[in-house]
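Enquirer: Structure for this input, please:
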Amino acid sequence: MNSLALVLALFAPAHPALKPSIQYTLRVDSTDLSGWSVEIRLRTTSDTVRLAMAAHPEYDDRYWRYVRDVAVDRGTVTRVDSAVWQVVAPRGAVTVHYRIALPPAEPGLRAAWRPFLTPTGGLIGGPHAFMYVLGAKDSSVMVTLRLPSSWGIATGLRDALPRGGQGTRRGSEREWWYAATDAATLVDSPILVGRLRAWRFVEGGVTHRVVYWPLPNATPFDTIAFVSGIQRLVHQTFAVFGRAPYREYTFQFEDGAYGGGLEHRNSVTLGTQSADLARDPNAVIPETAHEFFHTWNLMAIRPVEYHDLDYRTQPPVSSLWFSEGLTMFYADLLLRRAGIPLRDSTRIAHLERLIGSYLANPAYARFSAESISRVAYNVQPGELGDYSASTHLQGELIGTVLDIVIRNSTSGQRSMDDVMRRLFDQGVRIDGRVIEQAVESVCGCDVAPFFEAHVRKGAVIDFDRYLGLMGLTTRVTRGPAMYNGEPERDLRIYGYEPLSPDSGLRLVISNPSSIWGRAGLHSRDRLVALNGGAVATWPQLRAKLQALRLGDTVRVQVQRPSGRFEATVIVAGFERPTVRIERLPNATVAQRRLAEAAIF
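Expert: Below is the predicted model of the structure:
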C-alpha cells in the first residue's frame, strides 16, 4: 500500500457509532513567518462540536489569544469561552480552519518552550498550535505538516507512515505525517523544525535523539562531548528507575533561547547558547538533567491534582515540593554519579550553598512545603505576602534529609532511589500522604513527625539533627552579603505586570526584613513613581534598581486601596549566612560510610 492509500485508509468514513476520526494539517508558509495555518478534518455523529485550546499545567501562555480567522466549511463558528469555540455543521465530514498569529517577540532571550519562526526554522505544535475536540480526548489523531522543503523535524509524535521521517517533497514544500494516540499526546508534543543537526544513541534498548537547531551564526562546539554528557545522564537515570516510560525520546535544543526548558512525556525543549557550549559542552547539562528527570518525576509520577488535558487553569498542586524539589536533588546527584563537573565542586559544597539560601529566607520558617507548592504556578506573585520562597530549594533539602533518614534506618541498604522506583512502579497519583507512605515502606521507620512539621506545617529544618546521623554538623556564620568582592545591594524587591488591563506595575517584597519591607512597602502595591518618574514595566524597574548604588536615596510612591503611600529608602547592604559542613570528632565508622555512600 503506498503512502497516499494508507492515509486514505486511516481516515476512511467511520461507522456512526465510532469515535470521530481527526486529522490535522499544519502549514508554515516560508513567505509569511508571522504564524501558521491549521486545518482540522473530523467525522462527527453530532451537528455540534466544541474545540478548545489546552492550558499547560505550569506554563499556560494562553495562546487562545492568538487564534485568528476560525471558520468551518458549511457551518458556523461561535466563541463560547476564551479558549473554546463551538462549531455547528451537518454531521459527517467537517473541516475547520484557523490561524495562529505569533505574538511580537519579547525583549531578551526567548523561553525555550514558546513557539517561534525564522527563515531557518522554529518551534511549532503542542498547546500553542492545536485545538482539541471536547468529548473526543481519547480519539487517535493524525498530523500532516507542510513545511519549507529544506526543513527537518524533531518531535515526540510517532511517524504515521513507513519512512515518514523522510517526508515527501511537493514543490517548494515537504509533507510529513505523524500520529498521536490521543489529544493529550498531541498537545504534549512540541515540534522543532528547520535546519537541524541530530544524533542518536540507545540506552536500555530505547532510542534517544539529540537534536540541535543552530542560529545561522552559531559558534562551533564539541558535539561528541555534548552528546556524550547527555548519554551518561540517561544511563544514570535508567540506573535509578530500571526502565523508561516511553518508547523513544527526543531532546530538542534551541540555540538563542535562554537555558530553561520544559518537560514532556517523551521529549524536552531546552534553550542553549552555542558560545556557552563552545566553552563547555556540558554548559546546559544541569537543566537537561532536571527536565529529563521530570519524565519520571512529574510526567509518570504525577500529582493527584494534575489534569491530563484541560483548557481551564490547573488547580493548585500541593506536592510540587516533591515533583520539583526531588528533581533538583537528582539533577545534581545523577550528574555527579556520571562524573560530570558541576558548579559546586562537591556534594558538601552544594549542600552548604543550599542550606545557606534556606536559612537566609524567613519564609521557610513560616510556610509549609505544601503551601509554597500551591502558589508555585498559575498564581499572581505576592501570594505569600511580603515573602518569596522556592519550592525547588525547599523540596531539594527535604529530599536530602529523607535520603539521610532512609540510609540511616536501613544501615545504608536503601536510599531515596528505592522510593522513586517504588512510586514509579506503583503508577499511583501522588500527594503528601502517598509520598510519606512510600518513604516509610522503604525505610521501615516513622517519618510522620517530619512530614507534619515540614511538609504540612512550616518549621525550620534542624539540619544538624539529620547530618549528625552521618557524623556531620554545620557551622553557620553571618556577615555582609558580597558579590564580586564588594558589598551586595539589597535589591530584594521586584515587579510584575498583572494580566488584567490597566492594573499597572505591582511590587513584590521578597523579604519583610529587606530595606524595602522595613520602609513600609508591601507586595502588590501598585507602583506610581520612582524618584518622581513613572515606571510602567518590570524591565524598566529592573534597570532603575540595577543603577542604584549604596547610599542612594529612593523615593517610592505606591497606590493602595486605602490611598497613596510614599516610602523613602536608603540603599544599603544586608547580611547573609555562610554554612560550612564539618565532620564531628566522634563520628563512627558506620556514620562515615553512610556519608560516603550518599556522595557527601
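
Enquirer: Figure out the helix or strand that the residue nearest the centre of the chain lives in.
Expert: Closest to where the C-alpha atoms of the chain average out (C-alpha atoms, centre = their mean) is residue 262, at 4.1 Å. Using DSSP states H and E, residue 262 falls within strand 261-263.

Enquirer: Mind listing residues that contact that strand?
Expert: By C-beta atoms under 8 Å, 6 or more residues apart in numbering, the residues outside strand 261-263 that reach it are 58-59, 112-113, 190, 268-271, 287-288, 290-292, 294-295, 298-299. (Glycine included, C-beta is placed from N, CA and C.)

Enquirer: Of these, keep whichever come out buried.
Expert: 58, 112-113, 190, 268-271, 287-288, 290-292, 294-295, 298-299 (16 or more other C-beta atoms under 10 Å).

Enquirer: Run through the bridge partners of the residue nearest to the centre of the chain.
Expert: residue 269 (DSSP bridges).

Enquirer: what's the following helix or strand after the biggest strand by length in the chain?
Expert: Ranked by residue count under DSSP state E, the longest strand found in the chain is strand 32-44. Downstream of strand 32-44, the first helix or strand assigned by DSSP H and E is strand 48-53.

Enquirer: Run the chain-centre distance for that following strand.
Expert: The chain centre lies 27 Å from the centre of strand 48-53; the measure is C-alpha atoms, centre = their mean, to the nearest Å.

Enquirer: That strand: which residues count as buried?
Expert: Buried residues in strand 48-53 (16+ other C-beta under 10 Å): 49-53.

Enquirer: which other helices and strands contact it?
Expert: The elements that strand 48-53 packs onto, with contact taken as 3 or more C-beta pairs under 8 Å, 6 or more residues apart in numbering; DSSP states H and E, are strand 84-88, strand 131-133.

Enquirer: which of the ones you listed is buried the deepest?
Expert: Among the helices and strands packed on strand 48-53, the stretch with the highest mean neighbour count (mean count of other C-beta atoms under 10 Å) is strand 131-133, at a mean of 25.

Enquirer: Tell me who's in contact with residue 78.
Expert: 85-86, 88.

Enquirer: Could you check the pLDDT of it?
Expert: On the pLDDT scale, residue 78 is placed at 97.

Enquirer: Next, the angle strand 84-88 makes with the helix or strand harbouring it.
Expert: Using DSSP H and E, residue 78 sits in strand 76-81. Using axes from the mean of the first three to the mean of the last three C-alpha atoms, to 10 degrees, the inter-axis angle of strand 76-81 relative to strand 84-88 is 150 degrees.

Enquirer: Could you tell me how far strand 76-81 lies from the centre of the chain?
Expert: With C-alpha atoms, centre = their mean, you get 32 Å for strand 76-81.

Enquirer: Now do the buried residues in that strand.
Expert: residue 77.

Enquirer: Could you spell out the sheet neighbours of that strand, each with its direction?
Expert: Strand 76-81 pairs in its sheet with strand 84-88 (antiparallel), by DSSP bridges.

Enquirer: CA atoms of the strand it pairs with as PDB?
Expert: Taking Å, rounded to 0.1, in the frame of the first residue of the first chain, the C-alpha atoms of strand 84-88 are listed here in PDB:
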ATOM      1  CA  VAL A  84     -13.500  27.300  23.500                       C
ATOM      2  CA  TRP A  85     -15.200  27.600  20.100                       C
ATOM      3  CA  GLN A  86     -18.500  25.900  19.100                       C
ATOM      4  CA  VAL A  87     -18.900  24.600  15.600                       C
ATOM      5  CA  VAL A  88     -22.300  23.900  14.200                       C
END
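
Enquirer: low-scoring stretches of this protein, by residue?
Expert: 1-20, 162-166, 501-502, 600 (pLDDT under 70).

Enquirer: quick revisit: mind checking which of the helices and strands packed on strand 48-53 is nearest residue 182?
Expert: strand 131-133 (9.1 Å; C-beta to C-beta).

Enquirer: who does the closest one touch, helix- and strand-wise?
Expert: Using 3+ C-beta pairs under 8 Å, 6+ apart, strand 131-133 is in contact with strand 32-44, strand 48-53, helix 183-187.

Enquirer: Which elements pack onto the last one?
Expert: If I follow you right, that is helix 183-187. Going by 3+ C-beta pairs under 8 Å, 6+ apart, helix 183-187 lies up against strand 131-133, strand 141-148.

Enquirer: what's the helix or strand following it in contact with?
Expert: For helix 183-187, the succeeding helix or strand toward the C-terminus, using DSSP H and E, is strand 190-194. Outside strand 190-194, the residues within contact range by C-beta under 8 Å, 6+ apart are 28, 113, 115, 118, 120-126, 128-129, 145, 147, 151-157, 211, 213, 252, 254, 262, 264, 267, 269.
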